[in-house]
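Engineer: predicted model follows, preceded by the sequence.
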Amino acid sequence: MDGGVPPRKRLSIYDEQTTQPSVSPAEPTSIELGLRGSRHAVSSYFSGTRATIQSYTNAYLDFESNVVSSIKPFTSPNEPLLPNALYVTLLSCAGLVATASSKKIGRRIGVPLGLGAVGVAWWYPQTSTKLVRGGMTATGVDKTWDSAVASVNGTIESAKSAVSNTYKEASEAVVNGVNSVTGTTRK
C-alpha cells in the first residue's frame with residue numbers, strides 16, 4: 001500500500017449469473033438404447049472370442065513345449081540352430097521351386113522333403129544321427145537292422161572267402177598246367 005492507495009481490483013468481463021442453469025438429464029432415445037445394446041453384445045462376443053483364442057494359444061504353447069521336451073534329448077548343443085535352420089529351410093524351398101512345374105505329385109512332395117532331410121543330415125549331423133537312432137529304436141527297426149547288417153556282412157565274408165578260394169585254386173591250376181607243359185617245378 002503505497003501512499004494509502006488500495007490495490008486495484010480486476011473486474012470480470014462477463015456478467016454475473018443471476019440463476020444457476022439447471023439441465024435435467026434427458027431420457028435415452030431408442031437409437032441410444034439400441035447402440036448401447038449392440039455395444040454390450042459386441043463386447044460380450046469379443047470377450048468370448050478372446051477366451052477362445054487364448055485357449056487355442058495355450059494349447060499351441062503346450063504342444064510346442066511338449067515337442068521341445070521330446071526333441072531335447074536328440075539335439076546336440078554344439079550345433080547352432082541359426083543359420084543352419086535357415087539353410088535347411090532354403091534347401092526345402094529350392095525343392096519346392098524346382099518341382100513347381102512337375103505334374104507328378106510324388107515328385108512335388110518327395111523332392112522338397114528329401115532335400116530338407118539331406119540338409120538336416122548335412123548341417124545337423126549329430127542331431128540327425130540321434131534322431132535316426134531314436135526312430136529306429138522306437139519302431140523296433142534297430143533289431144531288424146542289426147540282424148540284416150549281420151546277414152549282409154556274413155554273405156559278404158562268405159563271398160570273399162569263396163572268391164579267395166576260387167582264385168587260389170585257379171592260380172594253382174594255372175601253375176600246375178604251366179609246370180606240366182614246361183616240365184619245370186615251382187620253387
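Structural biologist: Good, I have the coordinates. Not measured: the values here are computed from a predicted model.
Engineer: by contact count, what packs against whichever strand or helix holds residue 132?
Structural biologist: Take DSSP states H and E as the rule and residue 132 turns out to sit in helix 125-139. Helix 125-139 sits against helix 105-123, helix 141-182, with contacts defined as 3 or more Cβ pairs under 8 Å, 6 or more residues apart in numbering; DSSP states H and E. Glycine gets a C-beta too; all of them are placed from N, C-alpha and C.
Engineer: out of those helices, which comes closest to residue 88?
Structural biologist: Nearest of the helices and strands packed on helix 125-139 to residue 88, taken as Cβ to Cβ: helix 105-123 at 3.9 Å.
Engineer: buried residues, the closest one. List them.
Structural biologist: Neighbour counts over helix 105-123 (16 or more other Cβ atoms under 10 Å) mark 108, 111, 112, 115, 116, 119, 120, 123 as buried.
Engineer: and the helices and strands packed on helix 125-139, which one is worst for confidence?
Structural biologist: The minimum mean pLDDT among these belongs to helix 141-182 (a mean of 86).
Engineer: centre of the chain to that helix, how far?
Structural biologist: Remark: helix 141-182 is offset 49 Å from the chain centroid, using Cα atoms, centre = their mean, to the nearest Å.
Engineer: got the angle for that helix vs helix 125-139?
Structural biologist: 100 degrees (axes from the mean of the first three to the mean of the last three Cα atoms, to 10 degrees).
Engineer: distance of the most centrally placed residue in the chain from residue 75?
Structural biologist: Note on the chain: the residue nearest the mean C-alpha position is residue 85, at 8.8 Å, using Cα atoms, centre = their mean. The spacing between residue 85 and residue 75, counted by Cβ to Cβ, to the nearest Å, is 12 Å.
Engineer: likewise for residue 93?
Structural biologist: For residue 93 relative to residue 75 (Cβ to Cβ), the value is 23 Å.
Engineer: what distance do you get for residue 156 to residue 96?
Structural biologist: From residue 156 over to residue 96 the distance is 40 Å, taken as Cβ to Cβ.
Engineer: returning to that earlier point: can you put the helices and strands packed on helix 125-139 in CSV and add distance to residue 131?
Structural biologist: Converted to CSV, the helices and strands packed on helix 125-139 look like this (distance: least, Cβ to Cβ, whole Å):
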stretch, distance to residue 131
helix 105-123, 8
helix 141-182, 13
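Engineer: which of those sits closest to residue 56?
Structural biologist: Ranking the helices and strands packed on helix 125-139 by their distance to residue 56 (criterion: Cβ to Cβ) puts helix 105-123 first, at 27.4 Å.
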